[in-house]
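In: Need the 3D shape of this:
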Amino acid sequence: MSASFQDVGDDLRRIMVSGRLDMEGTDSVSERLMELVEAPKKGVVIDLSGVRFLASVGIRVLIASAKAVQQRGGKLALVVARGSTVSMSLEATGVDELIPVFTDGSEAEEAVLS
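Out: I've put the predicted structure just below:
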C-alpha cells in the first residue's frame, strides 16, 4: 500500500491510496492514513481508485479516519472505481452508508466542502 497527498487550497486534502489494504502492513497503513487525515482541513477525500483489494482491516482504517475527521468538524468522502471490488466491498459491508462514496473525484470534493 502506498499513500500520497495533495493539499488543494486551505480547506481540502486529497489522499491517493494504491495497492492492497489488507493485513500486511496494517499498522503502517493505519498510521499513515491517520497522520494524513489529521491535517486541519475542512474536507478530506480519500481516492481508493488505485486500490486492488480491501480487507476488513482496511475498512476499519477508513472508518477510523472518517471518525477522526468528523470529530474535528470536517467531512470525509471516498472515491472508488465504478464496479470495482473495492466498491462492492464497501457496499456489502454497509460502509457506503457511513461514509459518502463517489466515482468522481470532483463530486467528492464538492461534497466535503459544502
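
In: For the longest strand belonging to the chain, which helices and strands make contact with it?
Out: Using DSSP state E, we find that the single longest strand of the chain is strand 43-54. When contacts are defined as 3 or more CB pairs under 8 Å, 6 or more residues apart in numbering; DSSP states H and E, strand 43-54 sits against strand 12-21, helix 26-37, helix 56-71, strand 75-79, helix 85-93, helix 105-113. Yep, even glycine has a C-beta here, placed from its N, CA and C like the rest.

In: can I get the ones you listed in JSON lines with mean neighbour count and mean pLDDT?
Out: Listed next are the helices and strands packed on strand 43-54 as JSON lines, based on neighbours: other CB atoms under 10 Å; pLDDT from 0 to 100:
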{"stretch": "strand 12-21", "mean neighbour count": "20", "mean pLDDT": "89"}
{"stretch": "helix 26-37", "mean neighbour count": "16", "mean pLDDT": "74"}
{"stretch": "helix 56-71", "mean neighbour count": "17", "mean pLDDT": "91"}
{"stretch": "strand 75-79", "mean neighbour count": "24", "mean pLDDT": "97"}
{"stretch": "helix 85-93", "mean neighbour count": "16", "mean pLDDT": "96"}
{"stretch": "helix 105-113", "mean neighbour count": "17", "mean pLDDT": "97"}
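
In: how about those in JSON lines, adding distance to residue 4?
Out: Below are the helices and strands packed on strand 43-54 laid out as JSON lines (distance: least, CB to CB, whole Å):
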{"stretch": "strand 12-21", "distance to residue 4": "5"}
{"stretch": "helix 26-37", "distance to residue 4": "9"}
{"stretch": "helix 56-71", "distance to residue 4": "15"}
{"stretch": "strand 75-79", "distance to residue 4": "14"}
{"stretch": "helix 85-93", "distance to residue 4": "18"}
{"stretch": "helix 105-113", "distance to residue 4": "14"}
